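[1] just to be clear, the model below is a prediction. Sequence and coordinates:
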Number of protein chains: 2
Amino acid sequence: MAKGESDFAAEAELNLGEFEASASFMLRLAELASYQAVSSLQTEVELSLPEQTVLVAIMMNPDARQGSIADRLHIRWPNMTKLVARLEKKKLITRRVSAEDRRVVTLTATNEGVEVARGVRERLIAYDKRALSMLDESECAQLVALLRKVVGWPSPAAKS
Amino acid sequence: MAKGESDFAAEAELNLGEFEASASFMLRLAELASYQAVSSLQTEVELSLPEQTVLVAIMMNPDARQGSIADRLHIRWPNMTKLVARLEKKKLITRRVSAEDRRVVTLTATNEGVEVARGVRERLIAYDKRALSMLDESECAQLVALLRKVVGWPSPAAKS
DNA sequence: GCATAATTGTTCACTCGGAAACAAGAGTGC
DNA sequence: GCACTCTTGTTTCCGAGTGAACAATTATGC
């Protein structure tokens, strides 16, 4: 066996045993796969995926508190500060200190930000479908329902 | 009132629209949730979750090529180099240059590494169950099956 | 044989995410 | 009023992940 070895399967198939049935492990791999799939489809926008998500969230929730959005999207506050600064620098959002509680920073999309966010939202939804095209519609819905349980979000119309 | 706890209503008021039905978006949130859940259960080991996973993979696949493990676990090669260096520094694995192809580095767990890896594997499996305790057994299996499809791994004994 | 390409892994420079410490505003008790 | 604490967001520092360029080895074309 010059180079092909006696056992060709050994190279191709690594054994991961019970890990292949570990939900959190598979969750990590699947997240990486879908993230990269969606990212690779991105060509038009100069925003990272988290930035796009935050921008859309701000667009859909005007005057929301910065911390609320961070918590909902599982973004740490220090990182949210930097992320918001980048969006503000690009004039997509504005930061305003609340009058009632001057610790609070509220976020609102600018006109340009709303414009961009609308396009981003459409593309993200479309790319999501393409990136997960290995699942049919019912499987996709099933997956989302299970993931909502994992995240702890109440499912709106959950049955089964 | 604890910070992110009782103020659930305010957070729930945030509208994320179609994103809540986006599989890739929910995948990201769920991965974060499970990762942090498993991490928070970790107290005995001084290894990161990726390090633990790689160590177990090496333990279960002696003499496997470094690149093969990296590819399978979706770890980029530059990062794998550093990760492997850390494991080697802790004397959990050994790196060997292959005789047949001297570009190739093969990895094997040391005796201590095997010992640690066995414990890690057991704990990871147990913590996985605890971190995903919001799912019952059948839901968990269903989730794993769907995630395997997303990742592109053929389901072993599962008949569609 | 020798130049060229392809594979395998590493180094480098950079960005991003994280915990801890910090600043500033608001609430509480006296 | 004043000290104390909690909340909200920021700054600082560090570790981890990534792409690009690199070195070393092997395969390929002629």
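    Sure, I can see it. Nothing here was measured: the structure is a model prediction, and the numbers come from that model.
[2] residue contacts, the residue in chain A positioned nearest to DNA strand D?
    Distances between chain A and DNA strand D by CB to the nearest atom of the strand are smallest at A:G67, namely 2.4 Å. For every residue, glycine as well, the C-beta is placed using N, CA and C. Counting by CB atoms under 8 Å, 6 or more residues apart in numbering or on different chains, A:G67 touches A:77, A:80, A:104.
[3] let me know the pLDDT of it.
    Listed pLDDT for A:G67 reads 95.
[4] below-threshold pLDDT in chain A: ranges please.
    Filtered on pLDDT under 70, chain A yields the residue ranges A:1-12, A:157-160.
[5] contact residues of it facing DNA strand D?
    Selection of chain A residues close to DNA strand D by CB under 7 Å from any atom of the strand yields A:3, A:32, A:65-68, A:77-78, A:80-82, A:84, A:95, A:101, A:103-106.
[6] give me that answer again for 10 Å
    A:2-4, A:32, A:35-36, A:39-40, A:64-71, A:76-85, A:88, A:95, A:97-98, A:101-107 (CB under 10 Å from any atom of the strand).
[7] how close does the residue of chain A closest to DNA strand D get to DNA strand C?
    When CB to the nearest atom of the strand, to the nearest Å is applied, the distance between A:G67 and DNA strand C equals 12 Å.
[8] hang on, the earlier thing: out of the contacts of A:G67, flag the one nearest to A:E44.
    Proximity of these to A:E44 (CB to CB) peaks at A:M80, which lies at 24.6 Å.
[9] after the helix or strand containing the closest one, which helix or strand is next?
    Here A:M80, judged by DSSP states H and E, is contained in helix A:77-89. The first helix or strand that comes after helix A:77-89 along the chain, using DSSP H and E, is strand A:93-97.
[10] what angle sits between that following strand and helix A:77-89?
    120 degrees (axes from the mean of the first three to the mean of the last three CA atoms, to 10 degrees).
[11] show me where chain A has strands.
    Taking DSSP state E as the test, the strands found in chain A are A:64-65, A:93-97, A:105-109.
[12] other residues contacting the first one?
    Put plainly, it is strand A:64-65. By CB under 8 Å, 6+ apart, strand A:64-65 touches A:57-58, A:98, A:104-107, B:10, B:14.
[13] for chain A, what lies in contact range of DNA strand C?
    Counting by CB under 10 Å from any atom of the strand, chain A sits next to DNA strand C at A:3, A:11, A:47-51, A:53-54, A:70, A:74-83, A:86, A:97-104.
[14] pretty sure A:L135 is in contact with B:V150, am I right?
    Yes: under the criterion of CB atoms under 8 Å, A:L135 makes contact with B:V150 at 6.8 Å.
[15] what do those two both touch?
    Common neighbours of A:L135 and B:V150 (CB under 8 Å, 6+ apart) are A:L143.
[16] list the buried residues in stretch A:139-153.
    Across stretch A:139-153, burial judged by 16 or more other CB atoms under 10 Å in any protein chain shown covers A:139-140, A:142-151, A:153.
[17] coming back round to it: now the residues of chain A next to DNA strand D: which count as buried?
    Buried members of the residues of chain A next to DNA strand D, scored by 16+ other CB under 10 Å, are A:32, A:35, A:64-71, A:80, A:83-84, A:105-107.
[18] now the helix holding A:M80 against strand A:105-109, angle please.
    40 degrees.
[19] for helix A:77-89, name the packing helices and strands.
    helix A:49-60, helix A:66-72, strand A:93-97 (3 or more CB pairs under 8 Å, 6 or more residues apart in numbering or on different chains; DSSP states H and E).
[20] tabulate those (JSON lines), appending distance to B:S22.
    Formatted as JSON lines, these follow (distance: least, CB to CB, whole Å):
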{"stretch": "helix A:49-60", "distance to B:S22": "9"}
{"stretch": "helix A:66-72", "distance to B:S22": "14"}
{"stretch": "strand A:93-97", "distance to B:S22": "21"}
